[in-house]
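A.B. asks: Structure for this input, please:
(one chain, ligands or ions: 1)
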Amino acid sequence: METKKQKVLIAGASIAGPTLAYWLHKYGFEVSVVERSPSLRLGGQNIDVNGPARKVARLMGILDQIKAANTGEIGTQWVDKDNQVTASFPKEGANSLTQELEIVRGDLVNILYEITKENVTYRFDDQITQLAQDDHQATVTFASGHTETYDLVIAADGIRSRTRTLMFGDESVFNYLGLCTAYLTIAKTETDTNWARWYTADDSRVLLLRPDNEGTTRASINFLLPQEEYEKLDKNTKKAILLSRLAGAGWEAPRLAQEVEKSDDIYFDGVGQIKAPRWSTGRFAMVGDAAYCPAPITGKGTTLAFVGAYVLAGELATHERFEDGFASYERILRPYVESVQKLPPGIPRIAYPKTALGVSIVNTVVGILASEPVQKIASVFGSSDPEEEELLKDTPLPKYAL
Ligand SMILES: Cc1cc2nc3c(=O)[nH]c(=O)nc-3n(C[C@H](O)[C@H](O)[C@H](O)COP(=O)(O)OP(=O)(O)OC[C@H]3O[C@@H](n4cnc5c(N)ncnc54)[C@H](O)[C@@H]3O)c2cc1C
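C.D. replies: Residues are numbered from 1 along each chain as shown. This is a model prediction of the structure:
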């Protein structure tokens with residue numbers, strides 16, 4: 001007699017959600033994904049698919065597609081207000097900010113959607129508003145009004161996950177890092193090259209422009225803000241805040257201000273980490289940024305989403321009881337997550353000087369680092385940590401022979 005397939009609902013169709021859906025379907029689960037946006041959210045800058053995420057991508061058969069969608073970024077240049085290069089970190093250099101497998105976030109989201117859409121039910125423009133569970137099932141009420149039952153529900157709806165709150169209340173802590181970041185896609189101009197350009201302005205502001213493979217440029221506007229003040233603002237208020245932060249910043253800030261005014265897809269949020277005391281409760285669990293966002297400054301959000309989804313699906317498939325699968329997922333992954341979330345002292349403040357003198361000190365230090373045989377920029381500005389790389393080597397991904 002064939003056993004009934006376990007029904008799983010995943011909230012969030014970005015990186016973690018569709019990756020989990022892929023693996024769960026492969027292991028025989030019946031999977032649905034609910035996404036709050038009316039369509040896939042394709043914004044964002046370049047993201048890295050490295051280390052164990054690369055292995056998961058290879059196992060999913062999408063490594064070649066990811067390689068083909070490479071942004072073509074050849075490294076990062078530090079520039080001053082006259083766009084003069086003060087330091088260069090080519091991609092081939094040790095610890096370069098540019099990784100071998102850089103892909104624009106939206107391209108990756110699209111690839112994951114395309115390989116799952118035949119076998120997974122996607123429901124856009126909807127979200128979970130109520131959750132209940134008992135010994136037999138989880139009961140889900142959607143914003144669209146209907147109610148359905150599932151065996152398991154997984155939150156993969158990002159750092160501000162509402163599904164997490166429905167599951168755990170306020171138990172998970174959002175650790176704000178004192179930094180705000182906005183991402184937007186802008187028209188390419190003649191100053192944009194295949195280098196990422198990093199500009200440090202006074203008053204704790206950093207502007208970063210990066211090439212993509214679509215003939216546009218990916219911009220990010222970053223600034224320190226000690227207290228988190230910008231949660232849940234409407235689009236126009238967010239734009240006004242960004243325009244005020246761009247005022248007087250110099251370099252290409254006027255160009256960015258024009259683009260902010262025009263754009264209707266700006267991702268703007270406080271930067272923080274999610275440190276949750278547990279990742280599951282009964283039939284509910286979390287994956288990706290919803291569970292353990294490490295913050296973009298680590299460059300590891302996508303890696304954790306890929307690896308988390310792979311391990312969660314594998315552990316559910318290899319344990320008879322879902323409770324044991326959830327427990328094993330957390331046991332395997334937590335040490336790695338904690339190592340990724342460990343930030344070097346002073347990060348991110350060190351990269352955001354307040355005064356013009358501070359800016360020139362940062363530029364000088366970066367210039368010296370760029371001239372050393374071993375370029376250490378990533379370790380100074382918060383990317384890969386040697387300790388974490390070491391742990392990674394010793395944390396091979398489990399193999400699920402299913
Ligand atoms: C628009 C956007 C742009 C980004 N740009 C960058 C970037 O440039 N650089 C970078 O390092 N990281 C960026 N990130 C974050 C990055 O995608 C994640 O850190 C990482 O890939 C982990 O992905 P995730 O799937 O766990 O979460 P996310 O990528 O945050 O995806 C969460 C998904 O859940 C959806 N969602 C939200 N609330 C609900 C809900 N209540 N119900 C159902 N669905 C919901 C969202 O629309 C989104 O599709 C961006 C995220 C988004 C959403």
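A.B. asks: which residues does residue 189 contact?
C.D. replies: 217, 255 (C-beta atoms under 8 Å, 6 or more residues apart in numbering). All C-beta atoms are positioned from the backbone trio N, CA, C, and that covers glycine.
A.B. asks: Quick one: name the residues of the stretch 51-200 of the chain near the ligand.
C.D. replies: Selection of the stretch 51-200 of the chain residues close to the ligand by C-beta under 6 Å from any ligand atom yields 105, 127, 156, 157, 158, 162, 163, 183.
A.B. asks: give me that answer again for 5 Å
C.D. replies: Within the stretch 51-200 of the chain, the positions adjacent to the ligand are 105, 127, 157, 158, 162, 183 by C-beta under 5 Å from any ligand atom.
A.B. asks: What residues sit buried inside stretch 141-154?
C.D. replies: 142, 150, 151, 152, 153, 154 (16 or more other C-beta atoms under 10 Å).
A.B. asks: Can you list the neighbours in contact with it?
C.D. replies: 6-11, 17, 20, 32, 34, 123, 125-131, 137-140, 163, 167, 283-287, 312, 316, 322.
A.B. asks: Just the ones of those residues in helices?
C.D. replies: 17, 20, 163, 167, 312, 316, 322 (DSSP state H).
A.B. asks: So which bits of stretch 246-255 are buried?
C.D. replies: In stretch 246-255, counting by 16+ other C-beta under 10 Å, buried: 246, 249, 250, 251, 252, 253, 255.
A.B. asks: List phi and psi for whichever residue of the stretch 101-250 of the chain sits closest to the ligand.
C.D. replies: Of all residues in the stretch 101-250 of the chain, the one sitting closest to the ligand is residue 158 (2.7 Å; C-beta to the nearest ligand atom). Residue 158 adopts backbone torsions of phi 80, psi -180, taken as degrees, to the nearest 10.
A.B. asks: Do a quick rundown of the helices in the stretch 151-300 of the chain.
C.D. replies: 162-168, 235-246, 253-262, 289-292 (DSSP state H, counting those that start in this stretch).
A.B. asks: Now find how far off-centre the first one is within its chain.
C.D. replies: Chain-centre distance of helix 162-168: 19 Å, with C-alpha atoms, centre = their mean, to the nearest Å.
A.B. asks: and it, what does it pack onto?
C.D. replies: strand 128-133, strand 152-155, strand 284-286, helix 289-292 (3 or more C-beta pairs under 8 Å, 6 or more residues apart in numbering; DSSP states H and E).
A.B. asks: before we move on, back to that, ok, the residue of the stretch 101-250 of the chain closest to the ligand - contacts?
C.D. replies: Here residue 158 is in contact with 12, 14, 288, 289, 290, 293 (criterion: C-beta under 8 Å, 6+ apart).
A.B. asks: How many residues are close by residue 6?
C.D. replies: Burial of residue 6 is recorded as 17 neighbouring residues (other C-beta atoms under 10 Å).
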